[in-house]
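>>> Requesting a structural model of the entry that follows:
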Amino acid sequence: MNKISIGLTKQNNKGCEMTIVEYNGYDDIVVQFNDKYKCKVHSKMCHFNSGNIKNPYAPNVYGKGCIGNKYVCKINGKETKEYKEWHSMLMRCFDPKLKEYRVTYEDVICCEDWLLFDNFYEWIHQQENYNKVKELSWAVDKDILYKDNKKNGGLLSKLYKLSVKYQ
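Just a heads-up that it's a prediction; the model follows:
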């Protein structure tokens, strides 16, 4: 074990501070990111030295949303329905081009909890109609419960059938 490497801290290529907390050899280290999530990631020393270790809790989706490390976003290279719904919701909240094109999204925001995909994933799996979300005609909506609501979030949003909203 190389005790000199344990405790070594640097920033990755995205500016996230990380510290080596376990060293089992050059090809087997554990890095902990020094943010509120304290996520630990297995990697190699060469990736640490180059700063090429990704923090799953860095806000990399529209500069606001983080994937986390509890749930997968892709299966066999294809984005999951949960991820597509989450990403689409963040796009309506934070994509300036979309907001310019679709003025109805101008003031749309997202609750703090849903900036983390892990939280959105757990919410959507608790919804009554979740088993139907795989159908393309189901979606998450922020203003079906409260007219003119501009905030996406657990108690403010609902999983609904598209045909219901537009009847």
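
>>> now the helices for this protein?
When assigned using DSSP state H, the helices of the chain occupy the ranges 45-50, 81-94, 96-101, 117-125, 162-165.

>>> Any idea which of the ones you listed gets closest to residue 21?
Of all the helices of the chain, it is helix 45-50 that lies closest to residue 21, at 11.4 Å by CB to CB. Where you see a C-beta, it was placed from the backbone N, CA and C, and this is true even at glycine.

>>> re earlier: dump the helices of the chain into JSON lines; add mean pLDDT as well.
As requested, the helices of the chain are arranged in JSON lines below (pLDDT from 0 to 100):
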{"stretch": "helix 45-50", "mean pLDDT": "96"}
{"stretch": "helix 81-94", "mean pLDDT": "88"}
{"stretch": "helix 96-101", "mean pLDDT": "85"}
{"stretch": "helix 117-125", "mean pLDDT": "90"}
{"stretch": "helix 162-165", "mean pLDDT": "46"}
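
>>> Using JSON lines, lay out these together with distance to residue 5.
What follows is the helices of the chain, written out as JSON lines (distance: least, CB to CB, whole Å):
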{"stretch": "helix 45-50", "distance to residue 5": "7"}
{"stretch": "helix 81-94", "distance to residue 5": "35"}
{"stretch": "helix 96-101", "distance to residue 5": "42"}
{"stretch": "helix 117-125", "distance to residue 5": "30"}
{"stretch": "helix 162-165", "distance to residue 5": "54"}
